[in-house]
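1. Okay, predicted coordinates and the sequence, questions at the end:
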Amino acid sequence: MKITRVEAIPFAIPYVKPLKFASGEVYEANHVLVRVHTDAGVVGVAEAPPRPFTYGETQDGILAVINTIFAPAIVGLTLLEREVVAARLAKTVGNPAAKSAVDMAIWDALGKVLGLPVGDMLGGFTDRMRVSHMLGFAEPAAMVAEAEKMVETYGIHTFKVKVGRHPVTLDTAVVRALRERFGDEVELYVDGNRGWTAAESLRAMREMADLDLLFAEELCDAADVLGRRWLVEQLDVPFIADESVPTPADVTREILGRSATAISIKTARTGFTTSRRTHHLAEGLGVPVVMGNQIDGQVGTACALAFGSAFELTSRYAGELSNFLDMSDDLLTESLQIRDGHLHRSTAPGIGFEIDPDKLERYRTDS
Ligand code: MUC
Ligand code: MG
């Protein structure tokens with residue numbers, strides 16, 4: 001069960017429809033596939049999506065930190081020494097997506113060696129999750145049309161609407177149009193990716209007071225410490241901290257500082273080992289959790305599904321598990337299938353997906 005090699009493979013898959021939001025735009029999935037090889041012959045796999053506008057990581061940076069620091073630090077450890085791996089990776093600051101992919105690939109390998117699904121190893125609460133779809137910036141009619149397609153084709157009934165544009169009425173009009181089109185058939189919440197000030201956020205939330213929002217996420221920057229506390233105090237829906245809580249310590253600070261009242265867990269930035277800590281912390285603090293999407297491909301989505309379905313708290317609300325639908329292709333032998341608004345996790349050992357070697361050959365950018 002010893003780790004013999006860590007491989008980091010860059011690949012690029014174009015999006016059919018780019019995702020646009022207040023802090024950035026994504027046109028191509030230029031991720032890094034991480035493979036952890038073992039002396040048992042088993043290979044664990046996960047992916048790292050670089051998000052420079054959120055965490056500062058780039059595809060080249062992820063390759064460099066894995067090849068030059070992480071791989072030499074963990075080769076020779078066994079798959080059971082996940083806390084030793086975590087401690088060694090923690091010696092390097094930042095690099096959350098690179099660390100997470102290494103961590104999740106190790107869990108995948110361990111599951112394969114033991115013949116157990118990772119979702120069961122983590123907690124085994126359920127075998128499925130309800131799916132929430134993120135609607136990126138577009139004209140109101142186009143965003144409503146996308147939601148219609150998601151309802152009709154996939155049975156999705158929960159939507160996270162990206163907001164944070166100026167004037168705020170641009171976005172509030174979209175949310176109103178969605179509520180008018182679907183009535184109480186759908187759940188709606190908004191994510192500002194820090195695009196508004198605290199005052200703009202409050203104005204927008206007041207304008208949407210009659211639209212029965214489920215949550216508001218990261219509407220303004222957590223660095224505006226008092227402004228955000230002022231905003232959160234006046235809201236009557238939970239305020240989700242997303243990019244402001246990449247570590248458990250950040251969760252503690254934001255929740256105890258009263259500048260958030262719910263959190264997003266993203267396996268793309270906290271892997272399985274740290275996501276588990278974050279989950280337990282959220283449970284202890286008594287705050288709601290939404291499984292978030294770091295604009296993951298199908299590999300990353302399978303990871304979020306494995307973790308989210310493992311606990312009651314992480315599967316209570318719909319998880320953001322559908323944005324791989326915007327990609328022109330993916331790497332799996334069998335695509336994830338959203339049916340009746342749900343994703344079911346695989347019962348196969350490990351995270352539960354297989355990489356198609358032909359697809360990897362086609363999309364990798366290092367050969
Ligand atoms: C989200 O919830 O903010 C946008 C940037 C990122 O890192 O994740 C996405 C979605
Ligand atoms: Mg967010």
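-> Sure, I can see it. Numbering: from 1, shown residues only. Ligands and ions are numbered 1, 2, ... in the order given.

2. Residue 161: neighbour count?
-> Close neighbours of residue 161, defined as other Cβ atoms under 10 Å, add up to 23. Every C-beta, even on glycine, is put in place using the N, C-alpha and C of the backbone.

3. ok, which stretches of the stretch 51-200 of the chain are helices?
-> 59-65, 71-74, 82-90, 96-114, 118-122, 140-154, 169-182, 198-207 (DSSP state H, counting those that start in this stretch).

4. Adding mean pLDDT and mean neighbour count as columns, could you present those in a markdown table?
-> Below are the helices of the stretch 51-200 of the chain laid out as a markdown table (pLDDT from 0 to 100; neighbours: other Cβ atoms under 10 Å):
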| stretch | mean pLDDT | mean neighbour count |
| --- | --- | --- |
| helix 59-65 | 98 | 18 |
| helix 71-74 | 98 | 17 |
| helix 82-90 | 98 | 16 |
| helix 96-114 | 98 | 26 |
| helix 118-122 | 98 | 22 |
| helix 140-154 | 97 | 16 |
| helix 169-182 | 98 | 18 |
| helix 198-207 | 98 | 19 |
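
5. Give me the neighbour count for residue 45.
-> 25.

6. That one reaches residue 33, doesn't it?
-> Yes. Assessed by Cβ atoms under 8 Å, residue 45 is found in contact with residue 33 at 6.7 Å.

7. Give the residues shared as contacts by those two.
-> 299, 355 (Cβ atoms under 8 Å, 6 or more residues apart in numbering).

8. What is the burial count for the closest residue to ligand 1 within the chain?
-> Sorted by distance to ligand 1 under Cβ to the nearest ligand atom, the residues of the chain start with residue 54, at 3.8 Å. Number of residues near residue 54 (other Cβ under 10 Å) recorded here: 21.

9. Would you mind confirming that it is in contact with residue 23?
-> Yes. Residue 54 is within contact range of residue 23, at 6.6 Å (criterion: Cβ under 8 Å).

10. First-to-last residue distance for stretch 16-26?
-> Terminal residues of stretch 16-26 lie 11 Å apart, using Cα to Cα, to the nearest Å.

11. One more: stretch 147-167?
-> First-to-last residue span, stretch 147-167, Cα to Cα: 23 Å.

12. check whether it contacts ligand 1.
-> No. Stretch 147-167 does not reach ligand 1 (Cβ under 6 Å from any ligand atom); its nearest approach is 7.0 Å.

13. Alpha carbons of stretch 325-341, as PDB, please.
-> Extracted C-alpha coordinates of stretch 325-341, given in PDB (Å, rounded to 0.1, in the frame of the first residue of the first chain):
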ATOM      1  CA  LEU A 325     -22.800  19.900 -18.400                       C
ATOM      2  CA  ASP A 326     -21.300  23.100 -19.900                       C
ATOM      3  CA  MET A 327     -18.200  21.200 -21.000                       C
ATOM      4  CA  SER A 328     -17.800  19.900 -24.600                       C
ATOM      5  CA  ASP A 329     -16.400  16.500 -23.300                       C
ATOM      6  CA  ASP A 330     -14.800  14.900 -20.300                       C
ATOM      7  CA  LEU A 331     -12.400  12.200 -19.300                       C
ATOM      8  CA  LEU A 332     -14.600   9.400 -18.000                       C
ATOM      9  CA  THR A 333     -15.500   6.100 -19.700                       C
ATOM     10  CA  GLU A 334     -19.100   6.500 -18.400                       C
ATOM     11  CA  SER A 335     -20.500  10.000 -18.000                       C
ATOM     12  CA  LEU A 336     -22.300  11.100 -14.900                       C
ATOM     13  CA  GLN A 337     -26.000  11.000 -15.400                       C
ATOM     14  CA  ILE A 338     -28.400  13.500 -13.700                       C
ATOM     15  CA  ARG A 339     -31.900  12.000 -13.500                       C
ATOM     16  CA  ASP A 340     -34.900  13.400 -11.800                       C
ATOM     17  CA  GLY A 341     -32.800  16.100 -10.400                       C
END
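
14. just to revisit the earlier point, pull up the overlap in contacts between residue 54 and residue 23.
-> With Cβ under 8 Å, 6+ apart as the test, residue 54 and residue 23 both reach residue 243.

15. re the thing from before, what's the residue of the chain closest to ligand 1 in contact with, if anything?
-> Taking Cβ under 8 Å, 6+ apart, we find residue 54 in contact with 23-24, 243, 294.

16. Just the closest of those to residue 316, please.
-> Using Cβ to Cβ, residue 294 comes nearest to residue 316 of the contacts of residue 54, at 20.4 Å.

17. Distance of the closest one relative to ligand 2?
-> Residue 294 is 9 Å from ligand 2, where distance means Cβ to the ion, to the nearest Å.

18. wait, that residue sits on residue 50?
-> No. Under the criterion of Cβ under 8 Å, residue 294 makes no contact with residue 50, lying 9.8 Å away.

19. joint contacts of those two?
-> Taking Cβ under 8 Å, 6+ apart as the criterion, residue 294 and residue 50 both touch residue 97.

20. got a list of what the closest residue to ligand 2 within the chain touches?
-> Per Cβ to the ion, residue 242 is where the chain lies closest to ligand 2, at 3.5 Å. Residue 242 makes contact with 191, 193, 217-218, 263-264, 266, 292, according to Cβ under 8 Å, 6+ apart.

21. what does this protein have sitting close to ligand 2?
-> Neighbours of ligand 2 within the chain, by Cβ under 5 Å from the ion: 191, 217, 242.

22. Restricted to strands, list those residues.
-> If you go by DSSP state E, the residues of the chain next to ligand 2 have 191, 217 in strands.

23. Just put the helices of the stretch 51-200 of the chain in CSV and tack on distance to residue 308.
-> Output for those, formatted as CSV (distance: least, Cβ to Cβ, whole Å):
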stretch, distance to residue 308
helix 59-65, 23
helix 71-74, 26
helix 82-90, 19
helix 96-114, 13
helix 118-122, 9
helix 140-154, 17
helix 169-182, 24
helix 198-207, 27
